[in-house]
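Novice: Structure for this input, please:
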Amino acid sequence: MFFGIGAGEFLGLAILGMMLVGPERLPKMAGEAARWVKKLRGLASTATTELRENLGPGFEDLQPKDLNPKTFLKKQVADLLDDEKPKPKINRPVAKIDPDLL
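Specialist: Predicted coordinates for the structure are as follows:
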């Protein structure tokens, strides 16, 4: 499965591509499409890295899907709520010193 495309769908797209472009130009077009995809991935990676750097501390684990406004707000509110939760008190036994031992 590649980009959510099954084998049958991929085969159908390949046949359609051969009919539209022709078998002579199809390899050249496929190579060009692959270069464009690689270039777009590089641009997206660079943009994500620059965004992380510009947002500063606390955003090191930022993913592009986190930029959806709903997801972004949910994450920020959840982080704030986690910080505001009161810490549970730990009841530790207090050591008592026997006065006779002193």
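Novice: any idea of the mean pLDDT in whatever helix or strand Lys28 lives in?
Specialist: Using DSSP states H and E, the element containing Lys28 is helix 26-55. Average pLDDT, helix 26-55: 87.
Novice: roughly how far is that helix from the heart of the chain?
Specialist: Counting by CA atoms, centre = their mean, to the nearest Å, helix 26-55 is centred 16 Å from the centre of its parent chain.
Novice: so after it, what's the next helix or strand?
Specialist: With DSSP H and E, the next secondary element past helix 26-55 is helix 69-84.
Novice: outside of that following helix, which residues touch it?
Specialist: Taking contacts as CB atoms under 8 Å, 6 or more residues apart in numbering, the residues outside helix 69-84 that touch it are 65-66. C-beta coordinates here come from the backbone N, C-alpha and C atoms, glycine included.
Novice: residues of it that come out buried?
Specialist: Judged by neighbour count using 16 or more other CB atoms under 10 Å, helix 69-84 contains no buried positions.
Novice: Alpha carbons of it, in CSV - could you do that?
Specialist: Provided in CSV are the C-alpha atoms of helix 69-84 (Å, rounded to 0.1, in the frame of the first residue of the first chain):
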residue,chain,number,x,y,z
PRO,A,69,-6.0,24.6,14.9
LYS,A,70,-8.1,22.1,16.9
THR,A,71,-5.2,19.7,17.5
PHE,A,72,-2.9,22.6,18.4
LEU,A,73,-5.3,24.1,21.0
LYS,A,74,-6.2,20.7,22.5
LYS,A,75,-2.5,19.9,23.0
GLN,A,76,-1.7,23.3,24.5
VAL,A,77,-4.8,23.2,26.9
ALA,A,78,-4.0,19.7,27.9
ASP,A,79,-0.4,20.7,28.7
LEU,A,80,-1.6,23.7,30.8
LEU,A,81,-4.1,21.5,32.7
ASP,A,82,-1.4,18.9,33.4
ASP,A,83,0.8,21.7,34.9
GLU,A,84,-2.0,23.0,37.1
